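Asker: All I have is the shape, not the residue letters:
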């Protein structure tokens, strides 16, 4: 065994042995660097996508809230009874921005790539790409938004709709929407 070890060491001390060792070392370092670079790039891409989706959702919710505020400030408005204007504004938030082009309550997309997607779709995508720990903080919004059907909205008061949105978006995760 000692003789084999000595023969290996003698071979590694030759020009060919040193070349072989340095080639393997450079190959391993290159491979490791490529893997690290790929991982870092993918993580940055994912982070940017999360930020863009959160901005898109926050921007749409901010537009919606502005429309609600304008409606609520009208004379003779009672926040304790169902209101058709509030239901219409809420439905416009739930539709893709391109579908609200001709409606009274228009919602505009922050990024063109999302103009044909409803908010629920964006939240679902967000739940897919965030870490598992973050997923638990986003997921309730999907169920809550999906429950806001035209029929359900027509029976809800402004206060009830307001409460639903606060439950969905006034959390630590959605701190981008602080003006509510």
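Answerer: Happy to help now that I have it. No experiment lies behind these values; they were computed from the predicted model shown.
Asker: Run through who's touching the lowest-mean-pLDDT helix or strand in the chain.
Answerer: In the chain, no helix or strand scores lower on mean pLDDT, DSSP states H and E than helix 140-146, which sits at a mean of 73. Helix 140-146 is contacted from outside by 94, 119-120, 123-124, 127, 164, 167-169, using CB atoms under 8 Å, 6 or more residues apart in numbering. Quick note: C-beta positions are derived from backbone N, CA and C, even for glycine.
Asker: low pLDDT regions in this protein?
Answerer: 75, 139-141, 171-172, 174-180 (pLDDT under 70).
Asker: rerun at 50
Answerer: 179-180 (pLDDT under 50).
Asker: List the contacts of the residue nearest to the spatial centre of it.
Answerer: In the chain, the centroid-proximal residue (CA atoms, centre = their mean) is residue 126; its distance is 3.5 Å. If you count contacts by CB under 8 Å, 6+ apart, residue 126 has them with 50, 53-54, 57, 138.
Asker: And residue 82, its phi and psi?
Answerer: Torsion angles at residue 82 (phi, psi; degrees, to the nearest 10) stand at phi -60, psi 140.
Asker: Okay, and which of the contacts of residue 126 map to helices?
Answerer: The helices, defined by DSSP state H, take in 50, 53-54, 57, 138 from these.
Asker: Which neighbouring elements make contact with the helix or strand containing residue 39?
Answerer: Using DSSP states H and E, residue 39 sits within helix 15-72. Packing partners of helix 15-72 (3 or more CB pairs under 8 Å, 6 or more residues apart in numbering; DSSP states H and E): helix 2-12, helix 84-94, helix 119-129, helix 158-169.
Asker: Those into CSV, with extra columns for distance to residue 21?
Answerer: Shown next, in CSV, are those (distance: least, CB to CB, whole Å):
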stretch, distance to residue 21
helix 2-12, 6
helix 84-94, 64
helix 119-129, 42
helix 158-169, 59
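Asker: of all these, which lies closest to residue 61?
Answerer: Residue 61 lies closest to helix 158-169 among the helices and strands packed on helix 15-72, at 5.8 Å (CB to CB).
Asker: What is the burial count for residue 17?
Answerer: Using other CB atoms under 10 Å, residue 17 has 14 neighbouring residues.
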